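Asks: 3D, please:
(one chain, ligands or ions: 1)
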Amino acid sequence: MARRRRVYEGKAKVLYEGPEPGTLVQHFKDDVTAFDNKKSATIEGKGVLNNRISEYIMTQLHNIGVPTHFMRRLNMREQLIREVEIVPIEVVVRNVAAGSIAKRLGIPEGTQLPRSIIEFYYKSDDLGDPIVSEEHITAFGWATPQEIDDIMALSLRINDFLVGLFLGIGIRLVDFKLEFGRLWENETMRIVLADEISPDSCRLWDVETNEKLDKDRFRRDLGGVTEAYQEVAQRLGIMPEGGQSKRRGPMLVK
Ligand code: UDP
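Replies: Have a look, this model is predicted:
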């Protein structure tokens, strides 16, 4: 295969130049990191599962009218995406207290929040992705007020949809992280969902047992990371070829 130009390499993904201008190939690696890269490992099969899960979720979001960078899956580990200018902000949506909000505000993990909460973090490895407010974002020009409005409206729609989607397969969507990009089409620009949505970027708890089905299994040395991601894929009805699927898509749980 001809060598492709690598445009960017992150912790869990690589971006290559795509076949046409304005496209990129997003490659999902098996590497996993946590705690500002202080902890890292390779988890066999994770990339394949995240590629599938993110494809499924992006496609469902597209079907309800949420614009995304996703075009199509190319193979087990790669998907074709539209090239966007990434807004340097990580958007976290929370429904239940866990992780950093539980620690920062002293809220017991598992507490249902009074309403969904959106937080912004400035994307900077050197600074460890500090939490920032809308004031910081607009004052420093990371995004305009209009862009923040669009990002917040899209984030809440995505949250409402995903809470229902996961509840339908017996999973509580505790929190998740989104990234957005600017997509230029001729002279106009619009904000679209970018990056990935997978158990690497979400907290997913089994409704009945509270078992963690996400990256916290790695962060907290709980083991069974691949099995947990596989469980999510299986419940969504999207096991990769050869895998056994017990269920076909979301179904009502009790
Ligand atoms: N998250 C992520 N990438 C990051 C930071 C957070 O995908 O760089 C996700 C994380 O998996 C969780 C949510 O965002 O689902 C909220 O994370 P939190 O702020 O609690 O930080 P953490 O506990 O992961 O350090």
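
Asks: CA atoms for contacts and neighbours, from now on please.
Replies: Will do.

Asks: Going by residue numbers, what spans are helices in the chain?
Replies: Taking DSSP state H to define them, one finds helices in the chain at 46-63, 99-105, 134-139, 145-167, 216-219, 225-236.

Asks: Go through these and name the closest to the ligand.
Replies: The ligand lies closest, by Cα to the nearest ligand atom, to one member of the helices of the chain: helix 99-105, at 3.4 Å.

Asks: Could you show which parts of the stretch 101-250 of the chain are in contact with the ligand?
Replies: Along the stretch 101-250 of the chain, the residues adjacent to the ligand under the rule Cα under 6 Å from any ligand atom are 101, 175-177, 200-203.

Asks: circling back: mean neighbour count and mean pLDDT added to the helices of the chain, as JSON lines?
Replies: Rendered in JSON lines, the data for those read as follows (neighbours: other Cα atoms under 10 Å; pLDDT from 0 to 100):
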{"stretch": "helix 46-63", "mean neighbour count": "21", "mean pLDDT": "98"}
{"stretch": "helix 99-105", "mean neighbour count": "12", "mean pLDDT": "98"}
{"stretch": "helix 134-139", "mean neighbour count": "14", "mean pLDDT": "98"}
{"stretch": "helix 145-167", "mean neighbour count": "17", "mean pLDDT": "98"}
{"stretch": "helix 216-219", "mean neighbour count": "18", "mean pLDDT": "98"}
{"stretch": "helix 225-236", "mean neighbour count": "21", "mean pLDDT": "98"}
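
Asks: Is it possible to mark the buried ones in the residues of the stretch 101-250 of the chain next to the ligand?
Replies: Among these, those buried by neighbour count (16 or more other Cα atoms under 10 Å) are 175-177, 200-203.

Asks: farthest-separated two in the residues you listed?
Replies: 175 and 200 (11.4 Å; Cα to Cα).

Asks: So which of the buried ones among the residues of the stretch 101-250 of the chain next to the ligand belong to strands?
Replies: 175-177, 202-203 (DSSP state E).

Asks: pLDDT for these - can I get that in CSV?
Replies: Output for those, formatted as CSV (pLDDT from 0 to 100):
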residue, pLDDT
175, 99
176, 99
177, 98
202, 98
203, 98
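
Asks: Could you double-check that residue 224 sits in contact with residue 215?
Replies: No: with contact defined as Cα atoms under 8 Å, residue 224 and residue 215 do not form a contacting pair (10.3 Å).

Asks: So between the two, which is more surrounded?
Replies: When neighbours are counted by other Cα atoms under 10 Å, residue 224 and residue 215 differ, and residue 215 comes out ahead with 24 against 14.

Asks: which ones are touching the nearest residue to that one once chain neighbours are set aside?
Replies: Taking Cα to Cα, 6 or more residues apart in numbering, and ignoring the residues beside it in sequence, residue 215 has residue 200 as its nearest neighbour in space, at 5.0 Å. Residue 200 makes contacts with 50, 214-215, as judged by Cα atoms under 8 Å, 6 or more residues apart in numbering.

Asks: Mind picking the one among the residues you listed that's closest to residue 185?
Replies: Each of these was scored against residue 185 by Cα to Cα, and residue 50 proved nearest at 28.4 Å.

Asks: So for the nearest residue to residue 154 once chain neighbours are set aside, what's the pLDDT?
Replies: When the adjacent residues along the chain are set aside, residue 154 lies closest to residue 66, with 7.1 Å between them (Cα to Cα, 6+ apart). Predicted confidence (pLDDT) for residue 66: 98.
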